[in-house]
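**Q** need a structure here:
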Amino acid sequence: MSIQIISGLCSISDIESFISGLKDISAKYNVVIQAFDADKIAGEEHLRFAAEKASQAVESSKAIADELALEIMLYASGSRQIGKAIKMGIHRGENNIAIVIVGDGSGVRKELEKLVREDDVLRYKPSKDGMLMRTFGITEAEVEAAGRDRIPDLVLERVALLDILK
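**A** Next comes the predicted model:
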């Protein structure tokens with residue numbers, strides 16, 4: 001299984017049209033594509049781990065969602081609630097965006113790069129701490145115990161816990 005990640009800046013005027021365009025690209029290249037608000041992602045490892053766990057859940061018939069793309073979003077959110085997972089997605093206007101591509105579609109990256117001005121918006125930065133703590137329900141007590149620099153690890157823990165909480 002091949003997992004590719006693209007991150008950067010993207011202006012979205014119509015969410016439905018943007019998502020429809022991603023679905024068209026997905027079908028054209030026979031891959032799964034999921035887009036995220038990069039400000040709610042703790043780095044590339046977070047998305048890669050979520051995509052791997054979601055793929056394993058689908059392969060073992062333990063997935064919650066009917067589609068791999070939604071299952072990836074569930075794992076990335078660290079929640080089994082679709083409503084919470086959807087909040088990890090993109091919004092209208094200027095976006096720091098992260099796109100996960102699962103599959104071996106040659107050329108898909110080049111096509112998606114037409115939509116996204118690549119930039120290192122996915123990299124973990126301490127300025128994301130507050131957003132990550134709110135998004136993943138990480139408490140100050142957890143941060144004090146683990147250390148502020150371990151917030152990305154606490155996010156990965158939430159992703160891993162989904163398998164246990166089934």
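**Q** just the pLDDT at G105, thanks.
**A** We have a pLDDT of 80 for G105.
**Q** and for it, the neighbour number?
**A** Other residues near G105 come to 19 when the count uses other Cβ atoms under 10 Å. Glycine gets a C-beta too; all of them are placed from N, C-alpha and C.
**Q** OK, contacts around it?
**A** When contacts are counted by Cβ atoms under 8 Å, 6 or more residues apart in numbering, G105 touches Y29, N30, V31.
**Q** rerun that using 10 Å as the cut-off
**A** Listed by Cβ atoms under 10 Å, 6 or more residues apart in numbering, the contact partners of G105 are S2, Q4, I25, S26, K28, Y29, N30, V31, V32, I33, E111.
**Q** export these to a markdown table and tack on neighbour count?
**A** A markdown table is the format used below for the contacts of G105 (neighbours: other Cβ atoms under 10 Å):
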| residue | neighbour count |
| --- | --- |
| S2 | 10 |
| Q4 | 18 |
| I25 | 20 |
| S26 | 19 |
| K28 | 12 |
| Y29 | 19 |
| N30 | 10 |
| V31 | 22 |
| V32 | 22 |
| I33 | 26 |
| E111 | 14 |
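**Q** and those residues, which of them are in helices?
**A** For those, membership in helices holds for I25, S26, K28, Y29, E111, with DSSP state H as the criterion.
**Q** contacting residues around the residue nearest to the first one when sequence neighbours are not counted?
**A** Distances taken as Cβ to Cβ, 6 or more residues apart in numbering place E111 nearest to I25, at 5.5 Å, with adjacent residues excluded. Under the criterion of Cβ under 10 Å, 6+ apart, the neighbours of E111 are G21, D24, I25, K28, Y29, G105.
**Q** can you list the strands that the helix or strand bottoming out on mean pLDDT in the chain pairs with?
**A** The weakest-scoring helix or strand in the chain, judged by mean pLDDT, DSSP states H and E, is strand 117-118 (a mean of 90). Strand 117-118 has the following strand partners under DSSP bridges: strand 3-12 (antiparallel).
**Q** so how far is the partner strand off the chain centroid?
**A** 10 Å (Cα atoms, centre = their mean, to the nearest Å).
**Q** now do stretch 129-141
**A** Here the centre of stretch 129-141 is set off from its chain's centre by 17 Å, with Cα atoms, centre = their mean.
**Q** stretch 74-85 too?
**A** 10 Å.
**Q** and the average pLDDT for stretch 70-82 is what?
**A** 96.
**Q** which stretches in the chain count as helices?
**A** Secondary structure of the chain by DSSP H: the helices cover 15-29, 44-59, 68-77, 82-86, 108-112, 129-136, 140-146, 151-164.
**Q** appreciated, that's everything.
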